[in-house]
Every structure is written in structure tokens, then in C-alpha cells.
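A predicted structure for the sequence below; I have some questions about it.
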Amino acid sequence: MKKSIIILLSISIILVATILGAGIYVYKNILNINTIYKGVKIDGYSVENKTKEQALEFIKKTKEAEIQEKYMNLLYGGKIYKINLKQIGFSYEYDSAVSHAFTLGREGNFIKRLRDIKKLKTGLDIPLKSFYSEDKIENISKNISREINIEPIDAKINFNKGKITVTDHTVGKKVVLEDLVTLIDKNIYELKDIEIPVKDIVPNLTKEFLSRINGVIGEYSTSFKGSSKGRIENIRLSAEAISNKLILPGQEFSYNNTTGPRTQESGYKEANVIIGGELTPGLGGGVCQTSTTMYNALLLADLTIIERSPHSIPARYVPYGQDAAVSYGYLDLKFRNDFDFPIYTYSKITGNQIYIYIYGDINTKNYQVKINPQIVETIQPKTETIYDGKLSPGEKINIQKGRTGYKVNTYKTIMKNGKVVSKKQITTDHYRKKDYIYKIGPYLPANSNN
């Protein structure tokens with residue numbers, strides 16, 4: 001009996017010792033190791049039996065080498081832009097993946113841990129989370145755009161002695177930046193070749209468009225014979241200012257804005273101007289003849305007149321109803337190009353004549369315009385007398401010359417192939433009369449017989 005107890009006790013001691021030994025072994029060689037457990041991979045690469053530091057160094061070195069070899073091709077016009085993933089700041093969250101790998105089999109009580117460690121041996125792959133810089137993608141796209149982008153260049157009109165030539169235009173190129181950024185962003189994991197999205201930028205003024213200016217659609221001239229040197233210079237300056245102007249469809253033109261203030265600094269001279277119905281010396285006298293000549297050319301070209309004013313007295317160089325008075329900041333001549341083609345203005349002075357031409361598409365404006373003013377009322381001046389005792393008896397002095405007034409309706413007629421297409425009244429002008437004023441002396445005494 002005593003011997004049996006000793007045997008059982010010995011067996012128990014051996015069993016306890018074995019269990020303790022096994023526990024110590026498990027703890028020391030399995031549960032308390034500082035390496036990643038068997039079966040753990042990161043993005044397909046085994047990191048088992050590696051410390052965190054070793055695993056981090058290994059996976060980072062391996063994946064960074066892969067990144068260096070990965071690139072995409074951006075293609076345009078036979079040129080290839082190679083974009084390496086490193087250029088866009090592409091990388092992985094190595095630290096978090098390694099930390100995750102190291103925690104596997106290290107959570108919970110020892111039984112759970114042993115089960116987890118055993119299960120890991122069948123294999124577990126931790127995916128790497130990637131990241132990249134959207135700002136770098138945008139900067140790369142902008143740099144490529146700067147190389148590809150071409151500014152469009154308008155065609156230009158050259159006018160020489162009435163002959164018009166038009167230079168070629170240049171179609172611009174522009175990378176669609178937003179689309180390129182999106183294409184790169186979506187291609188990071190596929191790395192296919194990308195056709196860089198580029199759109200053509202057609203300039204506003206193409207050769208075909210400007211070539212529609214192919215002839216004169218309206219012209220007019222007036223004479224300034226007998227004008228003073230100052231007035232002639234003012235006509236020349238204003239005519240030069242409005243010449244060689246391109247007016248696009250829908251665009252408005254202001255005579256005052258184009259010629260500018262009538263100042264000595266601008267070169268304008270003193271000459272007679274109409275103020276309050278009277279001719280008075282002032283800067284810029286004569287610019288109204290230029291505006292009037294232009295107005296008539298515009299009417300004949302059938303352009304839309306937005307603003308026009310008559311003089312207070314009829315101009316001597318055009319029929320009544322066909323003048324256009326201007327005064328900077330007060331009266332202007334404005335028109336708008338309502339055609340679907342551009343127009344071009346040109347003026348010249350030859351001898352005592354100013355000529356203004358409106359060029360456009362003679363194929364579209366293939367009709368004639370006639371301007372017909374009609375005097376509908378003639379207003380005769382009255383005579384006013386003022387008694388002046390200082391004058392001799394019967395003496396009569398004219399102190400204000402009279403002037404006949406007129407009411408004028410002006411009509412525009414459209415003719416095509418010799419037939420009237422339309423006729424309409426375009427203006428009603430009133431030129432003010434001016435009364436005669438005389439001073440008279442005392443009445444002569446009646447003859448008497450003594």
C-alpha cells in the first residue's frame with residue numbers, strides 16, 4: 001500500500017513537472033516571443049519569424065523597389081510622358097500593416113492565443129493600404145499642360161489701298177486638366193497608357209470669318225472746301241481715329257469713345273462749332289462733318305443706328321435730315337453691327353473731300369439703300385423791331401440775322417434688283433428758325449405845308 005502511494009505521488013510529480021515544463025516552454029517559445037507568428041504575410045510577402053523592425057524594413061524595402069518600377073504612359077502627338085508612381089507620392093501604410101501583423105496571436109487569454117496562433121499557420125495575408133498625393137497629380141498635369149497648350153491666334157486683316165488680305169489663324173490647343181487628373185487618378189492601379197485629353201481652341205477671328213469682309217457695303221463722302229486749316233486738321237484727326245476699325249457681329253461702336261475728347265493735347269485745333277444755333281469758335285470744330293459722313297455711310301451699309309442727333313441748324317455739306325451732330329460727353333453717334341459678318345471701317349481724305357467706307361460681305365448685303373429726306377414744313381422767321389432813341393430818325397440796324405426753320409422727315413428705302421423691298425421713316429428732325437431783329441430810330445416827322 002505504501003509503495004503504491006509512492007508510485008502515484010511520483011507519477012503526479014512527474015506529470016506536474018511535465019505540465020509546468022510544457023507551460024514554461026509554450027510561454028517562453030510561443031507566447032512570449034518578439035517575432036511575428038508563422039503563416040502571416042503582408043501583401044503576399046511572408047513576414048513570419050521577423051521582429052517588427054525586421055518586418056518593417058523588409059516589407060518597405062521590397063514594396064518601395066516595386067514602386068520604383070511602376071509607371072504609366074501619357075500619350076499625345078507622338079510624345080510619351082512617363083509618370084512613375086513615386087512622382088505622385090505613391091506609397092503604403094507600412095507601419096500600420098506591420099503593427100497589425102505583430103498583434104496577431106497576441107490578444108486574449110493563452111488558450112485563445114494558442115488557437116489563434118495555430119490558425120495562423122494556415123496562412124493570413126494582410127493587405128497594404130496605399131496612398132498618394134492628389135496635389136502632385138495636379139501639379140504634374142499642369143506641367144504637362146504647359147508643354148502642350150498653345151494659345152489660339154486670331155487671323156488679321158491687312159488693308160492696303162482698298163485691297164483686303166487676311167492672314168491665317170492658329171487653332172490653339174488646351175489640355176482638359178480636370179479630365180487628365182481624373183484619368184491619372186483612376187489609372188494608378190491599372191497603369192494603362194492614357195491618351196491625354198486635348199481640345200482645340202478655335203480663335204474668335206478665323207480666316208474664313210474675316211474673309212467675309214470682301215467689299216464695300218456702304219460709302220459716303222462730303223466736301224470741306226473753304227474750311228479753315230484748324231477745321232481741316234480736326235476732320236483729318238477724327239477721320240483717322242475712326243478708320244481701320246473691326247466691328248464684330250453684335251458689337252457696338254461709339255464715335256465719341258473712338259475719337260476721344262477734343263483737347264489740345266489730342267491735337268485738336270480751334271474752329272467754328274455750333275452752340276445754341278450759332279457758329280462759335282471752339283476746340284474740335286469739324287468733327288461733326290466726319291461723324292455726319294460716317295452716319296451716311298452707315299445708313300447706306302444698313303447698319304443699326306443706336307444714337308444720332310441732328311444739328312440745331314442745317315449742315316451745309318449734306319442734305320437736310322442727313323447730318324449727325326456730336327459733342328463729347330453729350331451727343332454721340334453710335335451704331336451696332338447686327339449682321340452675322342464682321343465689318344471694317346476705312347476713311348481717307350483726298351483733296352477737299354472726306355471719304356468713309358464700310359466694308360463687309362457683299363454677298364449677304366446684296367441690296368441697295370437709298371436715303372430720301374423730305375421737308376414737310378418750312379417755318380418762316382418773324383421780324384422783331386426794337387425802338388432805340390439813340391439812333392437817328394428813320395435809321396434801321398439789323399442786330400440778328402434771321403433763319404428759316406425746317407421740319408424734315410427722312411426715309412430709308414431698300415432696293416433689290418431695281419425693285420423696292422421696303423421703305424420706312426427713320427428720323428424726324430427739327431431745325432429751329434431764327435427771327436430777324438432790328439433796332440430802329442425815332443419815326444420821321446410827317447411832311448407839313450406852312
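Received, thanks.

can I assume Ala55 is in contact with Asn34?
No. In this structure, Ala55 sits apart from Asn34 without contact. The criterion is Cβ atoms under 8 Å, and the distance is 11.2 Å. Every residue, glycine included, has its C-beta placed from N, CA and C.

out of those two, which sits in the more crowded spot?
Set Ala55 next to Asn34 and count neighbours by other Cβ atoms under 10 Å: Ala55 wins out with 25 against 9.

and for the closest residue to that one other than its chain neighbours, the neighbour number?
Counting by Cβ to Cβ, 6 or more residues apart in numbering, the nearest residue to Ala55 once its immediate chain neighbours are dropped is Val47, at 4.1 Å. Other residues near Val47 come to 24 when the count uses other Cβ under 10 Å.

Provide a list of residues in contact with Val47.
36, 40-41, 55, 58-59, 98, 101 (Cβ atoms under 8 Å, 6 or more residues apart in numbering).

now do 7 Å
Under the criterion of Cβ atoms under 7 Å, 6 or more residues apart in numbering, the contact list for Val47 reads 36, 40-41, 55, 58-59, 101.

how close does it get to Lys70?
Using Cβ to Cβ, to the nearest Å, Val47 is found at 22 Å from Lys70.

repeat that for Tyr76.
Counting by Cβ to Cβ, the gap between Tyr76 and Lys70 amounts to 21 Å.

can you check Asn84 too?
7 Å.

likewise Thr350?
75 Å.

compare neighbour counts for these two and give me the winner.
Neighbour comparison, Thr350 and Lys70: the larger count goes to Lys70, with 14 against 8 (by other Cβ under 10 Å).

do I have it right that the more buried one meets Leu191?
Yes. The pair Lys70 / Leu191 is scored as a contact, 6.1 Å apart, by Cβ atoms under 7 Å.

and the contacts of Val47, which is closest to Lys156?
Within the contacts of Val47, proximity to Lys156 (Cβ to Cβ) peaks at Ile59, which comes in at 63.3 Å.

wait, is the closest one part of a helix?
Yes. With DSSP: H, G, I helix; E, B strand; the rest coil as the criterion, Ile59 is part of a helix.

my read: Leu248 touches Pro342, true?
Yes. Taking contact to mean Cβ under 7 Å, the distance of 5.1 Å between Leu248 and Pro342 places them in contact.

the two: which is more packed in?
For Leu248 and Pro342, the more surrounded residue by other Cβ under 10 Å is Pro342, and the numbers stand at 21 against 14.

host element of Gly218?
Using DSSP states H and E, Gly218 sits in strand 215-223.

elements contacting that strand?
Using 3 or more Cβ pairs under 7 Å, 6 or more residues apart in numbering; DSSP states H and E, the elements in contact with strand 215-223 are helix 287-301, strand 353-360.

which other helices and strands does the first one contact?
By that I understand helix 287-301. Judged by 3+ Cβ pairs under 7 Å, 6+ apart, the packing partners of helix 287-301 are strand 215-223, helix 229-242, helix 255-259, strand 353-360, strand 368-379.

the same query, at a cut-off of 6 Å, please.
Under the contact criterion of 3 or more Cβ pairs under 6 Å, 6 or more residues apart in numbering; DSSP states H and E, the helices and strands touching helix 287-301 comprise strand 215-223, helix 229-242, strand 353-360.

save these as a markdown table, and put in mean pLDDT, distance to Asn187 and mean neighbour count too.
A markdown table is the format used below for those (pLDDT from 0 to 100; distance: least, Cβ to Cβ, whole Å; neighbours: other Cβ atoms under 10 Å):
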| stretch | mean pLDDT | distance to Asn187 | mean neighbour count |
| --- | --- | --- | --- |
| strand 215-223 | 97 | 55 | 19 |
| helix 229-242 | 94 | 57 | 20 |
| strand 353-360 | 97 | 51 | 22 |
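
to Lys174, which of these lies closest?
Nearest to Lys174 among the helices and strands packed on helix 287-301 is strand 353-360 (31.6 Å), distances taken as Cβ to Cβ.

what pairs with that closest one, parallel or antiparallel?
Pairing partners of strand 353-360, with direction, according to DSSP bridges: strand 215-223 (antiparallel), strand 343-350 (antiparallel).

give me the contact list for the first one.
Same thing as strand 215-223. Applying Cβ atoms under 6 Å, 6 or more residues apart in numbering, the set of residues contacting strand 215-223 from outside is 289, 293, 296-297, 300-301, 317, 352-360, 362, 365.

let's see 8 Å
Around strand 215-223, the neighbours that count as contacts under Cβ under 8 Å, 6+ apart are 289, 292-294, 296-303, 317-318, 343, 352-362, 365, 369.
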